[in-house]
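take a look and give me a structure for this.
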Amino acid sequence: MKDVRNYDLLRHNTFGIAAKCSRFVEFSTVEELQDVLRRLTDDDMPLLLLGGGSNLLLTGDYHGTVLHSAIMGHEAVEKGDDVMLKCGSGETWDDIVALCVARGWHGTENLSFIPGEVGASAVQNIGAYGAEVKDIITSVEAVEIATQRPVSFTNEQCGYAYRQSKFKGEWRDKYVITYVTYRLSKTFRPRLDYGNIRSCLAEQQIASPTPQQLRDTIIRIRREKLPDPAVEGNAGSFFMNPIVGKDKFDEIAGHYPEVPHYTVDAGHEKIPAGWMIDKCGWKGRSLGAAGVHDKQALVLVNRGGATGEDIVKLCHKIQKDVYDRFGIAIHPEVNIR
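Next up is the predicted model:
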């Protein structure tokens, strides 16, 4: 177990924000976590549950305790065509995707190359290219902070929705996730009709991709669109794509016939926030050391030396411009602390 005071969080947030926490604790077993929680005092509060730091924006030093899971390992149980894969919350998410593809366990391919850890996948309900992790999560194990008792939640109990879960809402800072179990399939059912997956496959003259080819294509698309945090600090998609009613969508389509959209159900459409931000002229622009990526307007970047407050100011400016132009509120996907 790692327990350090006045700890530098620079390498624990992909935005590259210089910040420290009063105390940093990294645990590798459930028992270690329970012992840490049992010994916490008022001086250790508040708590921040940290994964890979890929969905976090620090606005200053954190005057409390940061908890980080280093619970590793995975265990697979085959049940007919299904594979139940239990993973430690400290595992790197994309390592699990690579493992699944290599073993012939299908369902994660479109979620390739998403940064972060297994625990965060269950908190954020990560998603990309027509897939969401909620569709394969069967259960989430955690430790209740107040009582230190282990608990287990079903998929339904977690209240999953687009980029949402109870862990981000009413359960925020109440539980520390320790394990997540996913249901995968031995049958490959590729999802190719979202974004530019098919066109990218066509460029490679691939009509029916293998799981590895689909994973490689998703990685290629993401690398072309998203900046490398090691070069330009960022947390990936900063804003959630808004879901609007049919009437609102028709209003926007009347002014912008080219508006991209994805049908959610008979009464709702999802509009890419990046498209609206681009229409407002923000792609590639900067506000001081905080900027908008020149290839993907959904991504805010640290041009070098930006503070968390600089990023927040840019966020607010973009939100105002989008609302003024489209009458739609866009909200951060990133955890701002």
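
now do the contacts for the residue most central in space within the chain.
Centroid-nearest residue in the chain, with CA atoms, centre = their mean: Ile126, separated by 4.6 Å. Neighbouring residues of Ile126 by CB atoms under 8 Å, 6 or more residues apart in numbering: 93, 111, 114, 116, 120, 132-133. Any C-beta I mention is one placed from the backbone N, CA and C, and that applies to glycine too.

among those residues, which one sits closest to Thr210?
Of all these, Leu111 has the smallest distance to Thr210: 16.8 Å, by CB to CB.

ranges for the helices of the stretch 201-337 of the chain?
211-225, 246-255, 273-279, 308-326 (DSSP state H, counting those that start in this stretch).

cool, the stretch 51-200 of the chain as well?
Counting by DSSP H, counting those that start in this stretch, the helices of the stretch 51-200 of the chain are 93-103, 118-124, 197-203.

and the longest one, how far from the chain's centre?
When C-alpha coordinates are averaged (CA atoms, centre = their mean, to the nearest Å), helix 93-103 and its chain have centres 17 Å apart.

same thing with the second one?
What separates the centre of helix 118-124 from the centre of its chain is 7 Å, taken as CA atoms, centre = their mean.

could you do the last one as well?
Using CA atoms, centre = their mean, the distance from the centre of helix 197-203 to the centre of the chain it belongs to is 25 Å.

what packs against that helix?
helix 211-225 (3 or more CB pairs under 8 Å, 6 or more residues apart in numbering; DSSP states H and E).

for the helix it packs on, give the mean pLDDT please.
In this model, helix 211-225 carries a mean pLDDT of 96.

and stretch 80-100, by the same measure?
Mean pLDDT, stretch 80-100: 98.

buried set for it?
With burial defined by 16 or more other CB atoms under 10 Å, the residues of stretch 80-100 counted as buried are 82-91, 93-94, 96-100.

and His36, how many neighbours?
Let me fix one detail, which is that residue 36 is Val and not His. Counted with other CB atoms under 10 Å, the neighbours of Val36 add up to 20.

give me the three-state assignment for it.
Put simply, Val36 is helix when judged by DSSP: H, G, I helix; E, B strand; the rest coil.

that one and Ser28 touch, don't they?
No: applying CB atoms under 8 Å as the test, Val36 and Ser28 come out as separate, 11.2 Å apart.

identify the contacts common to the two.
Common neighbours of Val36 and Ser28 (CB under 8 Å, 6+ apart) are Met1.

for Ser121, what are its contacts?
Contact analysis of Ser121 by CB under 8 Å, 6+ apart lists 93, 114, 133, 137, 180.

by pLDDT, rank these and give me the bottom one.
Among the contacts of Ser121, Ile114 carries the lowest pLDDT, at 95.

what's the closest non-adjacent residue to that one?
Ile126 (5.3 Å; CB to CB, 6 or more residues apart in numbering).

how much space separates the one you found from Ala235?
When CB to CB, to the nearest Å is applied, the distance between Ile126 and Ala235 equals 12 Å.

just His293 next, same as before
Here the criterion is CB to CB. By it, His293 lies 11 Å from Ala235.

who touches both of those two?
Jointly contacting His293 and Ala235 under the rule CB under 8 Å, 6+ apart are Leu300.

among those two, which residue is more densely surrounded?
Ala235 (28 against 20).

mind saving the C-alpha coords of the lengthiest strand in the chain as CSV?
Assignment by DSSP state E gives strand 175-185 as the longest strand of the chain. Provided in CSV are the C-alpha atoms of strand 175-185 (Å, rounded to 0.1, in the frame of the first residue of the first chain):
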residue,chain,number,x,y,z
TYR,A,175,-18.7,3.9,-2.5
VAL,A,176,-15.2,2.8,-3.7
ILE,A,177,-15.4,0.4,-6.6
THR,A,178,-13.3,-2.7,-6.2
TYR,A,179,-14.4,-5.1,-9.0
VAL,A,180,-16.5,-5.0,-12.2
THR,A,181,-17.9,-8.0,-13.9
TYR,A,182,-18.7,-7.8,-17.7
ARG,A,183,-20.8,-10.2,-19.8
LEU,A,184,-19.0,-10.9,-23.1
SER,A,185,-19.9,-13.2,-26.0
